[in-house]
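# quick check, what structure comes out for this input:
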Amino acid sequence: MIRILFVCHGNICRSTMAQSVLQHMVNSKGLSGRFEIDSAATSTEEIGNPPHYGTVEELRRHNIPVVPHRARQLMKSDAKRFDYLIGMDSANIRNMQRILSSSEKIYKLMGFADSEKDVADPWYTGDFARTYADVSLGCEKLLEKLYNE
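Model prediction:
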C-alpha cells in the first residue's frame, strides 16, 4: 500500500483538490486497493471545514468526485503513517518541515512534473482552473512515477 498525504495551507483548496484528483485517477485505473490518499493543512484556520466551493465546482467541471473530507492539521504522526508528504508550494514545504522536524518524505507536487513551480493558491488568485491544471499534471506525473516503480 502506498500512502500519500497532500498538504497545503488550509486544506480546503489545493490539497483536497489533489486528493480528489489522484483518487479519481487511481480508481479509474483499478488501483484503489494499492493506495491510501489523504490531505491536511499546515495551519489551523480551516480545521473542520469542507472543501472550498471553488474547488468543488472545478472538480465537477472535470467530472471528478469530491472526496468526503474535513480540513485537518498535519501532525507529527503523519510522517510515520505516510510514504509521501506532498506540499503545494515552498511555504507549505517550510511549514511541513517545521511541524514534522524533518524533510524526509517531503516533496513538492510540481517536482514530479520536473518543475520547481508552486501550485498557486486559488484562495488568493481566484483561479481554480489554473490550480486544477497544475494539480492534474502533478498528480498524473506522480502516478506515473509510482505506478512504474
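# contacts, neighbours, all on C-alpha from now
OK.
# would you agree Met51 is in contact with Gly10?
Met isn't right for residue 51; it's Pro. No - look at Pro51 against Gly10 with CA atoms under 8 Å: they stay out of range, at 9.6 Å.
# what residues do these two have in common as contacts?
Common contact partners of Pro51 and Gly10 (CA atoms under 8 Å, 6 or more residues apart in numbering): Ala71.
# what's the spacing between the lengthiest helix in the chain and its chain's center?
Determined from DSSP state H, the single longest helix within the chain is helix 128-147. Remark: helix 128-147 is offset 9 Å from the chain centroid, using CA atoms, centre = their mean, to the nearest Å.
# next: stretch 44-58.
Offset of stretch 44-58 from its chain centre (CA atoms, centre = their mean): 13 Å.
# model confidence over it, on average?
Here stretch 44-58 scores 97 as its mean pLDDT.
# now for the longest helix of the chain, which elements pack on it?
Helix 128-147 sits against helix 14-28, helix 53-61, with contacts defined as 3 or more CA pairs under 8 Å, 6 or more residues apart in numbering; DSSP states H and E.
# give me the residues contacting it.
Around helix 128-147, the neighbours that count as contacts under CA under 8 Å, 6+ apart are 14, 17-18, 21-22, 25-26, 54-55, 58-59, 109-113, 119-122.
# do that again at 10 Å, thanks
2, 13-15, 17-19, 21-23, 25-26, 31, 34, 54-59, 61-62, 88, 108-115, 117-122, 125, 148-149 (CA atoms under 10 Å, 6 or more residues apart in numbering).
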